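**Student:** starting from these lines, generate the structure:
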Amino acid sequence: PIVRMTNTAIEPGDTTFEDMIKDIKEGVYAVRMLGGQTNGEMFTFAAAEGYMIRDGKLAESISDVTLSGNVFQTLQDIEAIGNDTLYTNGGCGKGGQSPLPVSVGGPHIRIKNVVVGGR
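**Tutor:** Just a heads-up that it's a prediction; the model follows:
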């Protein structure tokens, strides 16, 4: 047996999505988890879809959105937590074992200084 993740969540805050993005001049909105992994303190997160944020509004769609960084620094860089919550099913694959059914979810979050890749 190896250690496996169970359910991962973030508790809701008090910020609306509209308030969260209204003062962002240019940013990325990563929507739904496609997958992710950790290696020590480092993580990668692949979004199912993404959009540019321009002058506080959602703009064009973008593809292959991946966020990465240090887990602990990224948690410190959370600027706002949304008042909404969405949960979905996922899986935890590790060490060549079949994915363990888990759930993931939480509210929208706003993070400063995260590394974003994509097209």
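
**Student:** paired strands for the helix or strand of the chain with the lowest mean pLDDT, with orientation please.
**Tutor:** When the helices and strands of the chain are scored by mean pLDDT, DSSP states H and E, strand 8-9 comes last with a mean of 75. Applying DSSP bridges to the sheet, strand 8-9 is found paired with strand 100-106 (parallel).

**Student:** which residues touch the helix or strand following the strand it pairs with?
**Tutor:** Using DSSP states H and E, the helix or strand that follows strand 100-106 towards the C-terminus is strand 109-111. Strand 109-111 has contacts (Cβ atoms under 8 Å, 6 or more residues apart in numbering) with 10, 15, 20-21, 24, 67, 74, 77-82. C-beta: built from backbone N, CA, C; applies to glycine.

**Student:** for residue 115, state which of those is nearest.
**Tutor:** residue 67 (6.8 Å; Cβ to Cβ).

**Student:** quick one: that closest one is in a strand?
**Tutor:** Yes: Residue 67 sits within a strand when classified using DSSP: H, G, I helix; E, B strand; the rest coil.

**Student:** low-scoring stretches of this structure, by residue?
**Tutor:** Residues of the chain that meet the criterion pLDDT under 70 lie in 1, 118-119.

**Student:** what are the ranges of the strands in it?
**Tutor:** 8-9, 26-39, 42-54, 57-62, 66-70, 78-81, 86-92, 100-106, 109-111, 115-117 (DSSP state E).

**Student:** who's in contact with residue 32?
**Tutor:** 47, 48, 49, 88.

**Student:** same question, residue 11
**Tutor:** Listed by Cβ under 8 Å, 6+ apart, the contact partners of residue 11 are 81, 106, 107.

**Student:** ditto for residue 78
**Tutor:** So residue 78 contacts 109, 110, 111 (Cβ under 8 Å, 6+ apart).

**Student:** from residue 95, how far out is it?
**Tutor:** 30 Å (Cβ to Cβ, to the nearest Å).
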